[in-house]
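[1] Predicted model and sequence below, questions to follow.
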Amino acid sequence: MPTSAPEFAVLCALVLVAALLYSSGGHAGASAYLAIMALFAVAPAIMRPTALVMNIAVATIGSARFVRARAVPWHLLRPLCLGSIPAAFIGGRIRLSPGTYLLILGAALLVAAFFLWLRPRAPVVRTLPGSAWLVAIGSALGFLAGLTGIGGGIFLSPLLILSGWEEPRRTSGAAAVFILVNSVLGLLGQLASLPSLPRQAPLLAMMAVAGGLVGSWLGVNRLRPLALRRVHAVVLLTSGAKLLVTALHR
């Protein structure tokens, strides 16, 4: 973490803005938090649990909002979470070397940037695949969530939209709950091998909550979603490339 007060203040401000922007679309912002911490050269051992703490804080707000609005497709979420719950816990327990973690995270951010850049097509709800396939998809996303500290929603949302399995508002509801479940299990997996949370995590979580509250109030219709997604994509592309370069030069 930044040791000087001005640098940490800038980090907190960036976290608040990221939480505000991401929560307006049902996401918790873990990919942005990780990208921001990477730009500040935060140690990988601190990045994962800190991002998950912030993710849980913002995803709780988003989940409550979408549940109250009856915009959560539970029939789709149940098999996805059935696969993701154990996988996120297992992924969170795996301890990677700094170089390997930066390599995996950098690749994940580049994939996320690609999906964020795509222009979503008009949704056509198609027949869902069988439960076994949904459990397998949930397992893959949950494992990646626990391993990297990304909640998995940034991959789930484009999958649901591009496949035509859900319409945008219910996709945001699914992503919010999916992120919350994976983040909790991923953090529990990490706490099994960590003595304690980073001391800066509670303050950063408070900043994320403040941004999440404002973002939830704004809602997806108050902002320009495509332009916003592409700004996020550029940030993730830059951070992902930086992480890959850093990992390859270790």
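    Happy to help now that I have it. Quick caveat: nothing in here was measured; it's all calculated off a predicted structure.
[2] Now do the same for residue 1: its pLDDT.
    On pLDDT, residue 1 comes in at 65.
[3] shift numbering so it begins at 12
    Taking 12 as the first residue, the last one we looked at is residue 12.
[4] tally of neighbours for residue 71?
    18 (other Cβ atoms under 10 Å). (Each C-beta comes from the backbone N, C-alpha and C, glycine too.)
[5] Could you do residue 42 as well?
    32.
[6] Could I get the full set of helices for this protein?
    With helices called from DSSP state H, the chain shows them at 16-34, 41-50, 55-79, 85-104, 109-128, 142-159, 164-174, 179-202, 212-229, 236-259.
[7] Export those as JSON lines, with columns for mean pLDDT.
    Below are those laid out as JSON lines (pLDDT from 0 to 100):
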{"stretch": "helix 16-34", "mean pLDDT": "85"}
{"stretch": "helix 41-50", "mean pLDDT": "83"}
{"stretch": "helix 55-79", "mean pLDDT": "86"}
{"stretch": "helix 85-104", "mean pLDDT": "92"}
{"stretch": "helix 109-128", "mean pLDDT": "82"}
{"stretch": "helix 142-159", "mean pLDDT": "92"}
{"stretch": "helix 164-174", "mean pLDDT": "80"}
{"stretch": "helix 179-202", "mean pLDDT": "86"}
{"stretch": "helix 212-229", "mean pLDDT": "83"}
{"stretch": "helix 236-259", "mean pLDDT": "71"}
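[8] For the nearest residue to residue 195 once chain neighbours are set aside, list the residues it contacts.
    Distances taken as Cβ to Cβ, 6 or more residues apart in numbering place residue 67 nearest to residue 195, at 6.0 Å, with adjacent residues excluded. When contacts are counted by Cβ atoms under 8 Å, 6 or more residues apart in numbering, residue 67 touches 39, 191, 194-195, 198, 216.
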